[in-house]
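A.B. asks: Following is a predicted model, sequence given first.
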Amino acid sequence: MDFLIQLFTDPYAFYNSHTLLIAQIGINSILAASMFAVLYSGQLSLAAPGFMAIGAYTAVLMSLYLHTPLALNFLAGTLFAGVTGLAVGLPVLRLRGVFLAIATIGFIEALRLGVILNFPIKVNGEPITGGGLGLKNPDADPLGGINMVLIALAVVIFLMWRLTKGRLGHAWSAIRQDELAALSQGINVARYKMFAFVLSALLAGFAGALETNLNFFVDPNEYGVPRTVQILTFAVLGGTGNIFGPVVGSLFLTSLPELARGAKDYRDILSGVILIAVIVFRPQGIVGRGGLAIIRPRWWPQRQSRAAAPG
Amino acid sequence: MQQQLLNAISIGSIYALFAVGYTLVFGVLDILNLAHSAVFMLGAAVTYSMVVNHGQSFWVAAALGLAIAAVMGLVIEHVCLRPLRRRNAPPIAALISTIGLALIIVAAVEQGRPEHPYLAWLWVDGANSVSFPISALPNPTWHVAGLTLEAAKVAVIPISVALMLVLGYVIRYTQIGRGLRAVAENPRAARLMGLDVDRMISLTLVISSALGGLAGIMFGLAQTDISPYIGRDNVEVKGLAVIVLGGMGSIPGAVAGGYLLGLIEIVALLLFGSNVRAGVAFAALFLMLVLRPQGLFGSSLSEKV
């Protein structure tokens, strides 16, 4: 509870003492936005941590060995993740639903265990990626990085909001609701799906590169299946109807351990109980149909559906 | 080499048993039950705890572990799945609620330390990895033709094969099996034909979770490693790989996939060394999905989720 009290009574001190938490919320929101891009177009792709790993390792290795400026490292990491997204998307986007999810899990685990841990380019007999030991990143700037994260988050939210409101967003919605019907309306389903997949890869690669600026250490175990499950939870719990859902989901779930701190050792159990309770009472997500009401009383007026007026 | 092959078949049996439960729920409900690996771990943890902390014999402990795993099936149905079905929630919501339950089970076992009176009856070793004491169960070892046959590792094979044959028979030839297949085919039509669909789904989850718990107990025996994380680290994602290799929802497929994965892992181990082993399994999974999405035994690919 101290956490919330401080937030309302002394926001400035709260900002200073929880800088890393706020930065992590920002990163998680960008990741959730990456998951949102694929879910909004009806694809259950779980590849985000793989693209994050590509963005993160590219950025850190460039700064370590080429000493290039930060902006260039981020750009290279993001673009490389996007190009990989294109290459991975070509074969896997023919799959749907759970099959796509499992193929992307295969991709991230093969990338992490097969490529990153056993990278063919060696320095002093060790893979250049540091293998299972991880990679030190002495140039990180955890406290200065937060401004960059918050600006990036604002840009990403604005971008996704505009995209989903435009022609592209309508095409994605149509594909999500009924792929066959969208195809019969002349929507180029394959191209729009690929666009969503590559956009999601770019966002995840960008978030991965940004995250390296907050940590002095890149740990390959961060980019596995638990991470992808976490990102999926952010997006689904927040609601995938619009971009604000995933952001609210990451805000809620990233600060949940702080909120549940009072439960001490039983903190994880409480987090699980809250997770189940929220999804059972709000299957459409926190920000979804029906506004912010958690439980709607029976007598509450229903919103009338807008039927076409006669005449 | 032969020894490695034997190990592959032994671990493959455990994968198969675990995956049969996984695929049964997917086949009937079209839902991935991500709490399955937590139930796997709970079966092993309860059995260990009953033997070591409560002084029961191994057989009593294993029966209790199995019973608790089966009860967890009912918990999954009543807490995670039925409320969402009532609300016509999208299938992805069930994914999240089972993740929540898995978090609770793992956290509860993880916090099982002597200072927590409510959890200490369940488990006392916190996050540590332990194994059954040698005196708990006689483990005769034979040496035949250069092979070392440990009873704990070898017994896994006939037990899982027998169980999977029984399950296959029940699903194929009995009244209950017909009911399950009807619900899998079309829940609405099954209800109109007078089937109690909710009861059939509860039954599916109880069978599935009991198989998961049994796989956990056998994993604890054969691999001598029990900790709150064995489900997450050893079978959760590999179980997915197995059911995809065999074809989603297909029980013979899950069995074949389990042994195939055990074999792929051992071949990768012999060819590339231990640190590439896991990566090769996932590369195989990826290729399998891209080249033959219906799996080894799947028939046609229908839209799911």
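C.D. replies: Noted; the coordinates are in hand. Numbering: from 1, shown residues only, chains lettered A, B, ... in the order given.
A.B. asks: A:Phe244 and A:Ala235: what is the separation?
C.D. replies: In this structure, A:Phe244 and A:Ala235 are 12 Å apart, going by C-beta to C-beta, to the nearest Å. Just so you know, the C-beta spots here come from the backbone N, C-alpha and C atoms, and that holds for glycine as well.
A.B. asks: If you drop the residues flanking it in sequence, what lies closest to residue 26?
C.D. replies: Assuming you mean chain A. In this structure, A:Gly26 finds its nearest non-sequential neighbour in A:Val149, 3.9 Å apart by C-beta to C-beta, 6 or more residues apart in numbering or on different chains.
A.B. asks: um, chain B though
C.D. replies: B:Gly249 is the one closest to B:Phe26 (C-beta to C-beta, 6+ apart), at 5.2 Å.
A.B. asks: Within the helices and strands, which one has that neighbour?
C.D. replies: Here B:Gly249, judged by DSSP states H and E, is contained in no helix and no strand.
A.B. asks: does it really touch B:Val25, like I thought?
C.D. replies: No - B:Gly249 is beyond contact range of B:Val25, at 9.3 Å (criterion: C-beta atoms under 8 Å).
A.B. asks: more neighbours, these two?
C.D. replies: Shown here are B:Gly249 and B:Val25; by other C-beta atoms under 10 Å in any protein chain shown, B:Val25 has more neighbours (27 against 23).
A.B. asks: Pull the contacting residues for the residue of the stretch 151-300 of chain B found nearest chain A.
C.D. replies: In the stretch 151-300 of chain B, the residue that lies nearest chain A is B:Gly279 (2.7 Å; C-beta to the nearest C-beta). By C-beta atoms under 8 Å, 6 or more residues apart in numbering or on different chains, the residues touching B:Gly279 are A:Glu109, A:Ala110, A:Arg112, A:Leu113, A:Gly114, A:Val115, A:Leu117, A:Asn118.
A.B. asks: Tell me the most packed of the residues you listed, by neighbour count.
C.D. replies: That'd be A:Glu109 among the contacts of B:Gly279, by other C-beta under 10 Å, with 27 neighbours.
A.B. asks: mind checking which helix or strand the nearest residue to that one once chain neighbours are set aside is in?
C.D. replies: Nearest non-adjacent residue to A:Glu109, counting by C-beta to C-beta, 6+ apart: B:Phe282, 3.8 Å away. Assigned by DSSP H and E, B:Phe282 belongs to helix B:277-291.
A.B. asks: average pLDDT for that helix?
C.D. replies: For helix B:277-291, mean pLDDT rounds to 77.
A.B. asks: Distance from that helix to the middle of the chain?
C.D. replies: 20 Å (C-alpha atoms, centre = their mean, to the nearest Å).
A.B. asks: do you know how far A:Gly106 is from A:Gly50?
C.D. replies: Counting by C-beta to C-beta, the gap from A:Gly106 to A:Gly50 is 10 Å.
A.B. asks: These two: who's more crowded?
C.D. replies: Per other C-beta under 10 Å, whichever of A:Gly106 and A:Gly50 has more neighbours is A:Gly50, with 31 against 27.
A.B. asks: For A:Val123, give the beta-bridge partners.
C.D. replies: A:Glu126 (DSSP bridges).
A.B. asks: Is there a neighbour count for it? I'd like the number.
C.D. replies: So A:Val123, with other C-beta under 10 Å, has 11 neighbours.
A.B. asks: One more: the one 3 residues further on?
C.D. replies: Applying other C-beta under 10 Å, we find 11 other residues in the vicinity of A:Glu126.
A.B. asks: Can you tell me the closest non-neighbouring residue to B:Ser49?
C.D. replies: B:Trp123 (5.2 Å).
A.B. asks: which ones are touching the one you found?
C.D. replies: So B:Trp123 contacts B:Ala45, B:Val46, B:Tyr48, B:Ser49, B:Val109, B:Gly112, B:Pro228 (C-beta under 8 Å, 6+ apart).
A.B. asks: what's the answer for A:Val229, then?
C.D. replies: Contacts of A:Val229 by C-beta under 8 Å, 6+ apart are A:Leu46, B:Leu34, B:Ile99.
A.B. asks: picking that back up, how close does the residue nearest to A:Gly26 sit to chain B?
C.D. replies: Applying C-beta to the nearest C-beta, to the nearest Å, one obtains 26 Å for the distance of A:Val149 from chain B.
A.B. asks: hang on, that residue is in a helix, isn't it?
C.D. replies: Yes - A:Val149 forms part of a helix when assessed by DSSP: H, G, I helix; E, B strand; the rest coil.
A.B. asks: you'd agree it is up against A:Leu20?
C.D. replies: No - assessed by C-beta under 8 Å, A:Val149 is found out of contact with A:Leu20, at 10.4 Å.
A.B. asks: if you count what's nearby, which of those two comes out ahead?
C.D. replies: Applying other C-beta under 10 Å to A:Val149 and A:Leu20 shows that A:Val149 carries more neighbours, namely 22 against 14.
A.B. asks: Check what pLDDT that one gets.
C.D. replies: For A:Val149, pLDDT reads 91.
A.B. asks: Same question for the one 5 residues further on.
C.D. replies: At A:Ala154, the predicted lDDT confidence score is 95.
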